[in-house]
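1. Here's a sequence, model it:
(2 chains, ligands or ions: 2)
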Amino acid sequence: MANTLTYLKNVTTLALDADLCVGCGMCTVVCPRAVLSLKNGKVEIVERDACMECGACAQNCPTRALKVDAGVGCAAAVINTALGRSGDECCCVVDANGKTGPVCGPGCC
Amino acid sequence: MNYTVDPGLYALGAPDKQSPVLVTANFKLSFDRLRSAFGGRNAWILVLDTKGINVWCAAGKGTFGTDELTGRLKASGLEKIVSHRHLILPQLSAPGVAAHAVKRACGFSVAYGPIRAGDLSEFMDRGMKATPEMRTKRFPLAERAVLVPMEFIPALKWMAVLLPLFLVLGGVGFSGTFRGDITTHGIQAAFMLTGGLLAGAVLTPLLLPWLPGRAFAAKGAVAGLITGCIVIFLSGGAPDTAAIQAESSGMLLISVALAAYLAMNFTGASDYTSLSGVRREMQWAAPLLIAGATLGLILWTAARFL
Ligand code: SF4
Ligand code: SF4
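-> Numbers count the residues shown, from 1 in each chain, chains lettered A, B, ... in the order given. Ligands and ions are numbered 1, 2, ... in the order given. So this is what the prediction gives:
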């Protein structure tokens, strides 16, 4: 895919149950990585390896035809989880003393 | 610094019953971007309480979610303020919001706008249609460059410990005097580490699409290999004795491991990595990094006895 970077191959947990799809196209609208495309009234996974597991498609599919284990692809969060620190507190941690700002750990948005 | 906006309904320009309703997070930057992108038009802006966090991150956490949206909408009395039943949400809020559930809960239909607020005017002019371009998240050089300080500055904390440590250790055990060895072996070690830092925290983000490999650790390792070889070359070219070979390759391994580690940290800020991917990468990269750094340390220490 021109202009967009792709991460590791064959890792995404994205799964489509084509029988449930009613072809509403909502998932193709919300996907920020152009993973899905409507063909003949059904959706197809066309760029599987581009999926970043954001969960937008599954969240917005009215028939639950799409499933994905959504999460943030962040090494610091994975380390924190492995060390038993509070889960996915990688991105945008809310400051404990009530100051709510974009408080980020190393390498976060 | 206050990064938040009070949640609730805001008027942009002089909106009436027909004006569009835009929904955003109460992170000040998100709100300001939306206002300036829509400047000159009339609209209602419904600000959700996302605890001052931007749209994408708040949606991932669920704070920019269906419940907050429907609750805030009812509290704002929007139903009586506008005659239509349509909302425009940023596309990047979709991981948190289920459009069909919003419709069911409060009767408002959700249209997802473009990813970048800057495309909003064009989106409206096209009759609320986004081009595929507007719907795809990219990770251009400018965006990556902005993130470099976020990688670099936290890493400095570690470097403040590592650099003096290696500088002093470089003075211990080699053939010359303590002072003399610091200025040769110690300095070389410090430069190697600095090279690793630059490779992982600066070069990797900037050169991301051009560095080989898909895994970030691999990209970082390649960048670290480059900076490491440059330092070795500048400090006297190809190593000739066994002792110098062990010393240089030891430090090279350490700085490559450092660069790979820092590069891996950049997965969090990158807009295209998946959790499964990061897990998979760390499964093989983490043991390899630890092994590499340990072997490097052994070689660098052994160089004193060769
Ligand atoms: S949102 Fe669901 S039903 Fe609609 S096109 Fe996508 S998979 Fe099919
Ligand atoms: S999880 Fe996100 S990136 Fe993957 S297909 Fe669904 S919307 Fe697209």
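
2. Return the list of helices and strands in contact with the lengthiest helix in chain A.
-> In chain A, taking DSSP state H as the definition, the longest helix is helix A:75-82. Under the contact criterion of 3 or more C-beta pairs under 8 Å, 6 or more residues apart in numbering or on different chains; DSSP states H and E, helix A:75-82 touches helix B:242-265, helix B:275-302. The C-beta positions use only the backbone N, C-alpha and C, and glycine is treated the same way.

3. list the buried ones in the last one?
-> Right, the one you point to is helix B:275-302. For helix B:275-302, the neighbour count (16 or more other C-beta atoms under 10 Å in any protein chain shown) marks B:275-282, B:285-286, B:289, B:292-293, B:296-297, B:299-300 as buried.

4. The residues you listed also near ligand 2: which ones?
-> Contacts with ligand 2 are made by none of those, judged by C-beta under 6 Å from any ligand atom.

5. Is B:Gly224 in contact with B:Ala259, as I believe?
-> Yes: between B:Gly224 and B:Ala259 there is a contact under C-beta atoms under 8 Å: 2.8 Å.

6. any common contacting residues for those two?
-> B:Gly195, B:Gly196, B:Ala199, B:Gly200 (C-beta atoms under 8 Å, 6 or more residues apart in numbering or on different chains).

7. For B:Asp119, state which of the residues you listed is nearest.
-> B:Gly200 (33.3 Å; C-beta to C-beta).

8. so what's the closest one up against?
-> Contacts of B:Gly200 (C-beta under 8 Å, 6+ apart): B:151, B:155, B:220, B:223-224, B:258-263, B:265-266.

9. That one in helix, strand or coil?
-> Following DSSP: H, G, I helix; E, B strand; the rest coil, we place B:Gly200 in the helix state.

10. Next one: the nearest residue to it once chain neighbours are set aside from B:Gly296, what distance?
-> Setting aside the residues directly before and after it, B:Gly200 is nearest to B:Leu262 in space (C-beta to C-beta, 6 or more residues apart in numbering or on different chains), at 2.7 Å. For B:Leu262, the distance to B:Gly296 equals 16 Å [C-beta to C-beta, to the nearest Å].

11. For the closest residue to A:Lys67 other than its chain neighbours, grab the count of nearby residues.
-> Of all residues not flanking A:Lys67 in the chain, A:Ala15 sits nearest, at 4.8 Å (C-beta to C-beta, 6+ apart). Residues contacting A:Ala15 under the criterion other C-beta atoms under 10 Å in any protein chain shown number 12.

12. Same check on B:Pro90?
-> Neighbours of B:Pro90 (other C-beta under 10 Å): 26.

13. Could you measure from it over to A:Ala77?
-> Counting by C-beta to C-beta, the gap from B:Pro90 to A:Ala77 is 23 Å.

14. Can you tell me the SS state at B:Val23?
-> strand.

15. Residues in a beta bridge with it, which ones?
-> Judged by DSSP bridges, the bridge partners of B:Val23 are B:Leu46.

16. Just confirm it contacts B:Ala94, I think it does.
-> No: if you go by C-beta under 8 Å, B:Val23 and B:Ala94 don't touch, sitting 11.8 Å apart.

17. neighbour count winner among those two?
-> B:Ala94 (28 against 25).

18. Now do the same contact list for that one.
-> By C-beta under 8 Å, 6+ apart, the neighbours of B:Ala94 are A:Val30, A:Cys54, A:Ala56, A:Gln59, A:Asn60, B:Ala59, B:Tyr112.

19. what about the helices in chain A?
-> A:26-30, A:56-60, A:75-82.

20. With respect to burial, which of those scores highest?
-> Compared across the helices of chain A, helix A:56-60 shows the largest average neighbour count, a mean of 26 (mean count of other C-beta atoms under 10 Å in any protein chain shown).

21. what does that helix rub up against?
-> With C-beta under 8 Å, 6+ apart, helix A:56-60 has contacts from A:14, A:26-27, A:29-32, A:35-36, A:64, A:66-68, A:70, B:59, B:91, B:94-100.

22. Of the residues you listed, just the buried ones, ChimeraX syntax please.
-> Restricted to buried positions by 16+ other C-beta under 10 Å, the ChimeraX selection for the contacts of helix A:56-60 reads:
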select /A:14,26,27,29,30,31,32,35,36,66,68,70 /B:59,91,94,95,96,97,98,99,100
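
23. So which of the contacts of helix A:56-60 reach ligand 1?
-> Counting by C-beta under 6 Å from any ligand atom, the members of the contacts of helix A:56-60 near ligand 1 are A:Met26, A:Cys27, A:Leu66.

24. Which strand residues bridge the last one?
-> Spelled out, it's A:Leu66. Where A:Leu66 sits in a bridge, its partners, by DSSP bridges, are A:Leu16.

25. residues contacting it?
-> Counting by C-beta under 8 Å, 6+ apart, the residues that A:Leu66 touches are A:Leu14, A:Ala15, A:Leu16, A:Asp17, A:Cys27, A:Val43, A:Cys57, A:Ala58.

26. same question, the second one
-> Under the criterion of C-beta under 8 Å, 6+ apart, the neighbours of A:Cys27 are A:Leu36, A:Val43, A:Ala56, A:Cys57, A:Ala58, A:Asn60, A:Cys61, A:Leu66.

27. Where do the strands of chain A begin and end?
-> Along chain A, counting by DSSP state E, strands occupy A:15-16, A:36-39, A:42-45, A:66-67.

28. where does chain A come near ligand 2, residue by residue?
-> So chain A meets ligand 2 at A:14, A:30-31, A:33, A:35-36, A:51-57, A:68 (C-beta under 6 Å from any ligand atom).

29. Format those as JSON lines; extra columns: pLDDT.
-> Output for the residues of chain A next to ligand 2, formatted as JSON lines (pLDDT from 0 to 100):
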{"residue": "A:Leu14", "pLDDT": "94"}
{"residue": "A:Val30", "pLDDT": "95"}
{"residue": "A:Cys31", "pLDDT": "95"}
{"residue": "A:Arg33", "pLDDT": "91"}
{"residue": "A:Val35", "pLDDT": "94"}
{"residue": "A:Leu36", "pLDDT": "95"}
{"residue": "A:Cys51", "pLDDT": "93"}
{"residue": "A:Met52", "pLDDT": "91"}
{"residue": "A:Glu53", "pLDDT": "92"}
{"residue": "A:Cys54", "pLDDT": "92"}
{"residue": "A:Gly55", "pLDDT": "94"}
{"residue": "A:Ala56", "pLDDT": "95"}
{"residue": "A:Cys57", "pLDDT": "96"}
{"residue": "A:Val68", "pLDDT": "92"}
